[in-house]
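> Provided below are the primary sequence and the corresponding predicted coordinates.
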Amino acid sequence: MEKTQPFNDLICQVARVGVTNVQWCGEKMNDSQLDTLISAMELSPVRIENINLSKNEITSAGASLLCTYIKKNSNIKEVYLNENLIDDAGAREFISIFNNQVHPTIFDVSGNQCSSAVVNNLALLAKQDQHSKEIHQSLLAGEAEELDISGMNINKIDPRLLTFFILDTHALRSLIVSGCAAGDAGATLIGDLLKNSAVSHVDLSDNDISDAGVSQFIERADLLHHPTITSISFSKNIRISNYGMQQMSKTLFNTNDVITSFDVSDTSVTSSVRSTIAHECELNKEPSCLKRAVAAIRTNDPSCTSVNLQWERLTQTAARFVAPVLKLNTIMLELNLGNTSAGDKGAELLAAALQQNKTLRILGLANNNITSRGAKVLFQRLHQQGVLEELNLANNRIDDEAETSILNTLQLNPTIKVLNLVNNLLSGDCMSEIDELILLNQAPKTVQTIVSDIENRPASVTKVALSGKTGEEYCNDTSVRILCNALVLNKVVTTVDLSKNVVGDIGVTYLCEMLMTNSTIVELNLESNSITDRGAQRLAHALRTNASLQHLNLSNNSITDVGAGDFVDTLRFNYALTSILFEKTTVTSDLRTKIAEAADMNKEPRGFKDVMYMLRDGSIKTPKLDLARKNCPRPITDESVNTLCVQLRGISVVRELILSGNSVGTEGCKSIGKLLAHEGSGICHIDLSLNPVDDEGLGELAKGLLSKNCVLQILNLRGTEVTSTGIINLTNTVKANATLREVIVPERVSADVFCRMNQELMVNAQPKSLKPLLTSINENEVIPLLVFKDPVLPFTDAACHLLCAAIVNNEHITSVDMSNNKLTSDSVPFIAEALSSCPKITSVNLSHNEIDETGGYELVKCLAENDYVTTLSLEGNPIPEEVIFKLNELLHLNRGSIDLKKILLKHRKGRLADKTINLNSKGKQYKLNDEDVRLLCEVMVECGSIRAVDLGMNMITDVGCEMIADALLQAPRIEAIYLDYNPIGEIGGEALYNVLKVNHQIHTLLLEGTNVPEEIWEEILSLLRVNETANHERIDMRAIRLEEVNDETQFRSTDYAISQEQKVGIDAFKAYESSVRALVKE
């Protein structure tokens, strides 16, 4: 009773009072008591949240009852059932609780009879808030093929999670721990867990793992021997370096043959190391026999001296994996990859490996579908390999395309003594040559001494002398082949003498191949051998590209024109051969001469030779021949220039000839002069700068300038030996030449001489009609009317300058016609200067040019100083009207009174201070007219110094007189005006009378010999007398009654004149005002 009382108290407390925490630990509670407790908890007035029944005797049956209760009460937060008697079946029933959205957050069943897997499963299910939905579903299922905890901090993850899925279950195949901050420690931990797991894919990317972490992972997971892990990712771990991965790949992949993917992208591992790792992964996909072979070759396994993979049915990738490890192997002697579908790619990879391998003696590649492409690469790489002795390429698809590569290799690599090429597509001839070369490789060398010296002591051998017998036998084609092998890359031997032997066309073939590579042999003597046309043709073809051989002797051979003819064409492309001998052959003398001439051309500079060939065959298209010294290896001489000029005759397409910096002298200039004079020559520009050309040579060249066929425009003599004397002579020649426009002279030529020459050259640069015109002027021919026009081209300012310079001080020209040209204002100063020195020129026609306002004012300035030009035509020029007006005014004055012009210009310059203007035309041819009066009135009105004007004996009419009257009204300071003997009538007289009414300064007015009526003349005289009255104090008697003035005042103290003066003045002003108004109305 006492033992059950505490339990009963618990039941009462739970059922009646109610508690949130139910705790009954270590009381040996059985399933029956648990059932009672569950009934009490169901009656509890308070929601129960925590249940702790650990260390009792609850079995799986009781667990089932408690599971049912918990399912019904979602308020339960913590459940502790540790150290009871619950087995796996009972514990797994609790898993269904976690299907509910609300469930306990702590569930501990540790220490029961159930497995740790179930314990961990329930504990992890209770921590649902720490896991993703996918992980929770996997926990409910109790297993998962993939566990992805990416982005979760591994240090904050319940360690039971990884243990449960990796160790407690056996279904997990993929573990993704990306971006979990695992670090090296985390990698080590995961490696421990994975050691005995069945996981195949592990993702540890973006975890700050270093090389050490990778190494620990590999070690703890026993990755070298792990049977299931095939894919690993360490990407985005920047601390992983090349060094760590290189060390890893050397150890891991030599043993592990399971891993097929090892990702280290986005790390510090370079692409080359990543490629190596990827290569190893690919190898693990191959059959194990290939993997074992590659590992043995790579590690230099002492037992691996021979590898035979011929019957393993491997794919075409076998060569790809074997080739890289073969490079550094030093043990293996024999490798058989027959029947592995290696193909051309495999052959190329093995060829590259063989270049570094120094031990392999036998290589089998039979039945691998290799074509000529792969064979060529393979044999090219074997040129100087020097180790491989036997090569089996039977049953492939190699044809004659690979012939040259095979033959070259066998010639250059005597180590290859066995070559199996049966059942390929090679022709019989090719197979014969191959067999012959193989036999030669197997046989001793007949010219051992010389070849040995060439190969072993190259500096001691500069000449190969094998003329006649070698001491044992004549040199044959085989001897030549061996010799050529030694000479291919030799850079010391300059002379090869094989004369008086039995060298045939095959031997010549070897020589040809050698000469296509060798660049030091300058002399080859093949006299008295067995060479036919075929050998000569081969030699001619080979020498197209050889740039060193200078002397070739083919005398006393069986060569005809058929074989020698190709040398003519060869010498066009060969720039080295200067001598080819065909003595004692059947080659005709004509052909030998052509070959000799072609060889002589190689003594000239290369550019010169090319030009000569283009000129000869008419293929030259460029207008410029640049044979300057900088473009030629040696200077061009007079002899070369003579040859060139002969070839250039009649060729008009060539316009420029550049010979700068050569050795052209007098004879060369003489040839150039003849070329310039030749019909059809198109040379317009010759550059002889920096040549030894002197005055004599220039004189020879200048003779060509006198020909009508000459078209030369530019001549460059900079840096030559020409002096001022030579340029003077050239200048005299240019006077008779119409084409030369520019000459660049040496610095020693004086400036004066240079300027005189340039003046002549400037003439040539103008339209053609200028030169004969200037010649006529310079010879002082009588040309009253000078017409400055060209029927083809209008003249410009430069031509005008030349013309004006020529007509200075000319005494014959009276009229100049420069119309319809392209003269601008720039020409006007030259025209003005010429007119100032030629007083006989009175007429100038400048119409229809391009003279603008600036030029117009220049002409105004010119006519102000020039009194001779009376006619100037300017129609069609863009000159403003006001400028034209000024010009016409000056032209009018030039045609009339020069005295008036001088007065007018002096006044306009503000320099006129004269008191008297005397324009009396007595005894003069020209009489002033009314227009002249208009100009004079300007002076009369504006000049304040003038007191008297004499215009007598002119042709002034009433119109002019009225203008004078107006001027006198505006210039009251003028006191005397002389108009005698002018055709002035009544109107003019009245105008003067009216002026005198107002102007009291005029005291002298002479009208004798005019047509002024007598009555007007008398009135004028009365007014003049008034103006002559002495100036004293006067009393105005107007409006004063006589009876109010005493006699003294009336008759003695007053002057009747004053009253008359005022009366007349008022009347006159009224009359003048009326006339002005009438004029305005009109």
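Nice, thanks for sending it over. For clarity, every value in this text was computed on a predicted model and none was experimentally measured. Numbers count the residues shown, from 1 in each chain.
> now Ser231: how far from Thr449?
From Ser231 across to Thr449, the span is 65 Å (C-beta to C-beta, to the nearest Å). Where you see a C-beta, it was placed from the backbone N, CA and C, and this is true even at glycine.
> Neighbour count: those two, which is higher?
More crowded of Ser231 and Thr449, by other C-beta atoms under 10 Å: Ser231, with 17 against 10.
> So the more buried one versus Leu204, what's the distance?
When C-beta to C-beta is the yardstick, Ser231 and Leu204 sit 11 Å from each other.
> next one: Thr4
58 Å.
> And for Leu554?
The value you get for Leu554 to Leu204, if C-beta to C-beta is used, is 77 Å.
> quick one, phi psi at the residue lying closest to Gly896 once chain neighbours are set aside?
The spatially closest residue to Gly896, leaving aside those adjacent along the chain, is Tyr926, at 5.4 Å (C-beta to C-beta, 6 or more residues apart in numbering). Note on Tyr926: its backbone torsions stand at phi -90, psi 130 [degrees, to the nearest 10].
> Model confidence score at Tyr926, please.
pLDDT, Tyr926: 89.
> so it makes contact with Ser897?
Yes. Contact status for Tyr926 versus Ser897: in contact at 5.7 Å, counting by C-beta atoms under 8 Å.
> the more surrounded of those two?
Counted by other C-beta under 10 Å, Tyr926 and Ser897 do not tie: Ser897 has more neighbours, with 23 against 15.
> on that earlier part again, more neighbours: Thr4 and Leu204, which one.
Leu204 (27 against 10).
> since we're on the residue nearest to Ala832 when sequence neighbours are not counted, how many residues are nearby?
Leaving out its chain neighbours, the residue that sits closest to Ala832 by C-beta to C-beta, 6+ apart is Cys862, at 3.8 Å. Per other C-beta under 10 Å, the neighbour tally for Cys862 reads 22.
> Cross-check the contact I'm expecting between Cys862 and Ile831.
Yes. Contact criterion C-beta under 8 Å: Cys862 and Ile831 qualify, at 7.4 Å.
> mind checking how far the nearest residue to Phe164 once chain neighbours are set aside is from Leu167?
Closest residue to Phe164 apart from its sequence neighbours, by C-beta to C-beta, 6+ apart: Asn120 at 4.2 Å. Distance, Asn120 to Leu167, by C-beta to C-beta: 9 Å.
> Next: Asn99.
Taking C-beta to C-beta, one finds Asn99 at 25 Å from Leu167.
> Which of those two has more residues huddled nearby?
Just comparing Asn99 and Leu167: by other C-beta under 10 Å the higher neighbour count belongs to Leu167, 18 against 10.
> Count the neighbours of the spatially closest residue to the more buried one that is not a sequence neighbour for me.
Nearest residue to Leu167 in three dimensions, chain neighbours excluded: Leu193, at 6.3 Å (C-beta to C-beta, 6+ apart). Using other C-beta under 10 Å, Leu193 is surrounded by 18 other residues.
> Return the residues in contact with Leu193.
Leu162, Thr163, Ile166, Leu167 (C-beta atoms under 8 Å, 6 or more residues apart in numbering).
> In which helix or strand does it reside?
Using DSSP states H and E, Leu193 falls within helix 183-194.
> Quick check: what element follows that helix along the chain?
Next along the chain from helix 183-194, counting by DSSP H and E, comes strand 201-203.
> What residues of whichever helix or strand comes after that next one count as buried?
Downstream of strand 201-203, the next assigned helix or strand under DSSP H and E is helix 211-220. Of all the residues in helix 211-220, those buried under the rule 16 or more other C-beta atoms under 10 Å are Asp211, Gly213, Val214, Ser215, Gln216, Phe217, Ile218, Arg220.
> Equivalent analysis for stretch 614-624, please.
Residues of stretch 614-624 classed as buried by neighbour count (16+ other C-beta under 10 Å): Met614, Leu615, Ile620.
> Reformat these as JSON lines; add pLDDT and distance to Thr1010.
Conversion of these to JSON lines gives the following (pLDDT from 0 to 100; distance: C-beta to C-beta, whole Å):
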{"residue": "Met614", "pLDDT": "78", "distance to Thr1010": "95"}
{"residue": "Leu615", "pLDDT": "78", "distance to Thr1010": "93"}
{"residue": "Ile620", "pLDDT": "79", "distance to Thr1010": "91"}
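> what sits against the nearest residue to Arg538 once chain neighbours are set aside?
Distances taken as C-beta to C-beta, 6+ apart put Cys512 closest to Arg538, at 5.1 Å, once the chain neighbours are dropped. By C-beta under 8 Å, 6+ apart, the contact set of Cys512 is Arg538, Leu539, His541, Ala542.
> May I ask which helix or strand encompasses the third one?
Looking back up the chat, that one is His541. Under the criterion of DSSP H and E, His541 resides in helix 533-542.
> partner strands of the helix or strand just after that helix, parallel or antiparallel?
Note on helix 533-542: by DSSP H and E, the next helix or strand toward the C-terminus is strand 551-553. Here strand 551-553 is paired, per DSSP bridges, with strand 523-525 (parallel), strand 579-581 (parallel).
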